[in-house]
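# heads up, no residue letters with this:
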Ligand code: ADP
């Protein structure tokens, strides 16, 4: 560079000496120098103009101008930089095209939106699965195209740990699982997976369990009826039959309880009942359940207390809520040794409404807690042989809470007791309409 720089200076000085000598030849060396300087200035301005024109070229694909000396080297450097820039651009474009091609080949719908949901890019499967139109939907807000309220709530929640299942807005027979990820500047990447087949299989399983349970109920009722009659007349039976008949009666009532819970669970799971139209007086409901719990406790004489600090109504289905709450409270009775304490508390705060059922019972090993709401999961089967439970209680609680946009929290220490807390969103609490007076 240093070498080049002295070369430029030598050329300029040489040029100026040349014009001065020509001026000297004509007897006017100063004119010669001035003309040399003017020519040099004009040439410099001319090269600068060419450079500005090249910069101004909007498509930027023209070759850089050619020249000699200092300007020649400037143009060469710029030309190299420009070529490098073009090559990088081509490489990036090829990479973007490749990513777009591969996402287009995916069977899942992929959509990119900004933080407010304005659609920026989506693949072909999103067109098919969600009915987007390439020409008109760019820039539209996604919740105007997928109008399911659950989707809007999910999009705005920013809590995307669990996916959301919805029906396709364009093809209602398609069931979609939506998963959102945050990226870039609070932008969203939305993936819509077609889970119709899985959904149908799940539906078939639920229908099958529901139907089988229904079909078994009638013959079982007949058998239980006869067994009860036999138990009532046990004195007339030969002694060796009495024990057998009693055991059969016990087992048939267990089976009846199981069938009842299976039917209830399949009804709650299929979401046949709409839970949003009804209002439940939780205060009165808990009063009744605690009364029944004291009867269930019987000789075990548990100390069962109820505290209600919010008297608003809860938007939700009373019979479903009764099943959920009674399962939790009766479990506390079943799994707490005689004389233990059970505290039932209904309260509300800014987050929502909460039912806590706390006991001083046998407790649960933390390894079991994540799986407790699975059907027929038991923390320690050997300890629960005599509780008469169906193993479906907490599965029922979980589905009732899902239907009511709630969730279940379980805290427990083995040997010290357990606390089961049902959380409901604040929007489900409704003021009581005051009774007209006079
Ligand atoms: P079950 O009919 O066996 O009670 P649930 O679904 O109601 O079935 O409960 C699942 C398991 O969770 C129970 O088998 C028991 O191991 C455990 N469990 C539930 N509630 C309690 C509790 N209050 N204290 C200790 N263990 C409990």
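That came in fine, so what should we check first? Remember, predicted model here, so these are calculated numbers, not experimental data.

# hey, let's count contacts and neighbours off CA atoms from now on
Fine.

# give me every residue that touches the nearest residue to residue 300 once chain neighbours are set aside.
Nearest non-adjacent residue to residue 300, counting by C-alpha to C-alpha, 6 or more residues apart in numbering: residue 338, 4.2 Å away. Taking C-alpha atoms under 8 Å, 6 or more residues apart in numbering, we find residue 338 in contact with 299-302.

# Buried ones among those residues?
Among the contacts of residue 338, those classed as buried by 16 or more other C-alpha atoms under 10 Å are 300-302.

# Put together TSV for those, with pLDDT, distance to the ligand and secondary structure on each row.
Shown next, in TSV, are these (pLDDT from 0 to 100; distance: C-alpha to the nearest ligand atom, whole Å; DSSP: H, G, I helix; E, B strand; the rest coil):
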residue	pLDDT	distance to the ligand	secondary structure
300	94	15	helix
301	93	16	coil
302	95	13	coil
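
# can the host helix or strand of residue 242 be found next to the ligand?
Assigned by DSSP states H and E, residue 242 belongs to helix 239-270. No: judged by C-alpha under 6 Å from any ligand atom, helix 239-270 makes no contact with the ligand; its nearest approach is 9.2 Å.

# Let the chain start at 495 from now.
Happy to do that; since the first residue is 495 now, the last one works out to helix 733-764.

# Skip ahead from that helix and say which helix or strand is next.
Heading C-terminal from helix 733-764 (DSSP H and E), you reach strand 773-774.

# Return the distance of the worst-scoring helix or strand of the chain on mean pLDDT from the chain's centre.
Least confident element among the helices and strands of the chain, by mean pLDDT, DSSP states H and E: helix 496-519 (a mean of 86). Chain-centre distance of helix 496-519: 75 Å, with C-alpha atoms, centre = their mean, to the nearest Å.

# List the buried residues of that helix.
506, 509-511, 513-517.

# With distance to residue 713 added, can I get these in TSV?
Below are those laid out as TSV (distance: C-alpha to C-alpha, whole Å):
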residue	distance to residue 713
506	113
509	117
510	119
511	122
513	122
514	125
515	127
516	127
517	128
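
# Closest one of those to the ligand?
residue 506 (94.2 Å; C-alpha to the nearest ligand atom).

# near the ligand, which residues of this protein show up?
So the chain meets the ligand at 825-826, 829, 855-858, 866, 871-874, 883-889, 912 (C-alpha under 6 Å from any ligand atom).

# quick one: which of those residues sit in helices?
Assigned to helices by DSSP state H, the following of the residues of the chain next to the ligand qualify: 825-826, 887-889.

# now stretch 614-634, how far from the chain's geometric center?
Relative to its chain's centre, stretch 614-634 lies at 22 Å (C-alpha atoms, centre = their mean).

# My error: substitute stretch 908-921 in the last question.
The answer for stretch 908-921 is 22 Å, by C-alpha atoms, centre = their mean.

# pLDDT on that stretch, on average?
Averaging pLDDT along stretch 908-921 gives 95.

# Check which residues of it are buried.
Per 16+ other C-alpha under 10 Å, stretch 908-921 contains these buried residues: 911-919.

# now do stretch 658-668
Buried, per 16+ other C-alpha under 10 Å, within stretch 658-668: 658-663, 668.

# cool, and stretch 826-835?
826-832, 834-835.

# what do you get for stretch 517-534?
517, 523, 525-527, 529-531.

# what about the closest residue to the ligand within the stretch 545-694 of the chain, neighbour count?
Residue of the stretch 545-694 of the chain nearest the ligand, by C-alpha to the nearest ligand atom: residue 656 (22.8 Å). Using other C-alpha atoms under 10 Å, residue 656 has 10 neighbouring residues.
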